[in-house]
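Novice: Sequence below, structure please.
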Amino acid sequence: MKTKKLFLIIALVVGCAVGAHAQKTVFKFRDAQARAGDAVTEVCVKPTVVEVKILEDKERIKDEWTLSKEEVEIAMKGELDNIRAWGTYLSTIKYNCDVIMGATFKVEDNEKTGGYTVTVVGYPGIFANWHPATQDDYEWIRLQKLSPTDGRSQIAPVVKNKN
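Specialist: Numbers count the residues shown, from 1 in each chain. Here you go, the predicted structure:
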């Protein structure tokens with residue numbers, strides 16, 4: 001009788017331990033914010049103007065980044081903007097730059113790893129010559145902000161042509 005109780009107690013303890021171990025969920029969280037040529041700014045009294053200089057010694061880049069299924073589908077919620085931002089972030093770290101200009105992306109299944117591959121192609125650049133906007137800058141800023149076509153142009157950087 002005592003042996004049956006002891007066996008039952010041991011089985012119960014082992015069962016609880018296995019059940020507790022099986023319910024353990026491992027989740028890794030990662031977040032990134034990157035610049036892909038479109039700076040987002042808040043309302044400002046005096047805008048800051050900056051030049052983007054392409055790093056000539058780097059030429060055009062092509063990076064492939066491998067992401068796990070959990071990173072893409074859980075942490076990044078499967079959203080392409082998040083996946084592209086993460087690829088851009090990794091490329092800016094690799095090339096020690098501020099922005100990847102003219103960035104294009106390819107996101108696809110990676111059958112070898114069971115995850116995804118993100119390919120980033122573009123030109124690494126740095127921000128240079130930061131300065132408060134001058135009177136010459138205000139006219140092209142005003143023109144750009146008064147002619148929104150898609151909603152994004154209100155937050156996109158303004159490009160001044162030297163014509």
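Novice: hang on, Trp140 in a helix?
Specialist: Yes: assessed with DSSP: H, G, I helix; E, B strand; the rest coil, Trp140 lies in a helix.
Novice: Just give the number of residues close to it.
Specialist: The local packing of Trp140 (other C-beta atoms under 10 Å) involves 14 other residues. Placement of C-beta: from N, CA and C, glycine included.
Novice: Val72: neighbouring residues, count only.
Specialist: Residues near Val72, counting by other C-beta under 10 Å: 21.
Novice: residues touching it, list them.
Specialist: Gly78, Ile83, Gly115, Tyr116 (C-beta atoms under 8 Å, 6 or more residues apart in numbering).
Novice: ok, of those, which one's closest to Thr48?
Specialist: Set against Thr48, the nearest of the contacts of Val72 by C-beta to C-beta is Ile83 (29.6 Å).
Novice: Let me see the backbone angles for the closest one.
Specialist: Torsion angles at Ile83 (phi, psi; degrees, to the nearest 10) stand at phi -70, psi -50.
Novice: Also the one 4 residues further on?
Specialist: Taking degrees, to the nearest 10, you get phi -60, psi -40 for the backbone angles of Gly87.
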